[in-house]
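Asker: Sequence below, structure please.
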Amino acid sequence: MGRTTYARSVRLQIGPLPSGGVTIWIAYARTVIGQILAHPDQVGVHLEPEVIEAFDGYLAEWEQLAATNPEFLWVTEIEPDRVEFLGQSFLAIADNLARAAETRGYPISPTEGEEFYQALVKSFLDALAHEGRSRLEFSEQVRDRWPGLKPD
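Answerer: Residues are numbered from 1 along each chain as shown. You can find the predicted model right below:
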């Protein structure tokens, strides 16, 4: 008789936050992804189709949630490997945007969406930090160098 194996998952929670800032950040993120798709060599970031599909899915889900509630609260379960995989792509984008922002002298993302950005990044780093020593070390290293991330 075969055993069913269930993948371990971690809980991510973003919020509660005001939905207005979430929608502004989502619009910004969609613009960034559009620029990456249209000009990957100019932007300096190449994303796998799986990553783009995942980001688009999360943005759509968050957009719907923010549009229907004045307070944004998103909770999900996700496999730690996927959190780390998507997080590495998100970090590559954030690094690139931070370098461009520093060169041009403007903020990395809209200030109205800053609270959501902080909550998003901290949510997945916190989730990884609770998944064993190697993921804790990865989370701590990434947290120390994540562009624009404010200390807790």
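Asker: For the protein, which segments are assigned as strands?
Answerer: For the chain, applying DSSP state E gives strands covering 10-18, 71-78.
Asker: So which elements touch the shortest one?
Answerer: When contacts are defined as 3 or more C-beta pairs under 8 Å, 6 or more residues apart in numbering; DSSP states H and E, strand 71-78 sits against strand 10-18, helix 19-38, helix 49-68. No exception for glycine: its C-beta is placed from N, CA and C like everyone else's.
Asker: Return the list of strands paired to it, each annotated with direction.
Answerer: With DSSP bridges as the test, strand 71-78 is paired with strand 10-18 (antiparallel).
Asker: Flag every buried residue along the strand it pairs with.
Answerer: By neighbour count on 16 or more other C-beta atoms under 10 Å, the buried set for strand 10-18 is Val10, Leu12, Ile14, Gly15, Leu17.
Asker: Of all the residues you listed, the one with the weakest confidence?
Answerer: Note: of the buried residues of strand 10-18, the lowest pLDDT belongs to Val10, at 85.
Asker: In contact with the residue lying closest to it once chain neighbours are set aside, which residues?
Answerer: Nearest-residue entry for Val10: Ala127, 4.1 Å, with adjacent residues in sequence omitted and distances by C-beta to C-beta, 6 or more residues apart in numbering. With contact taken as C-beta atoms under 8 Å, 6 or more residues apart in numbering, Ala127 is in contact with Val10, Arg11, Leu12, Ile78, Pro80, Val83.
Asker: For Leu17, see how far away the closest residue to Asp152 other than its chain neighbours is.
Answerer: Leaving out its chain neighbours, the residue that sits closest to Asp152 by C-beta to C-beta, 6+ apart is Lys122, at 7.2 Å. Separation of Lys122 from Leu17 (C-beta to C-beta, to the nearest Å) stands at 12 Å.
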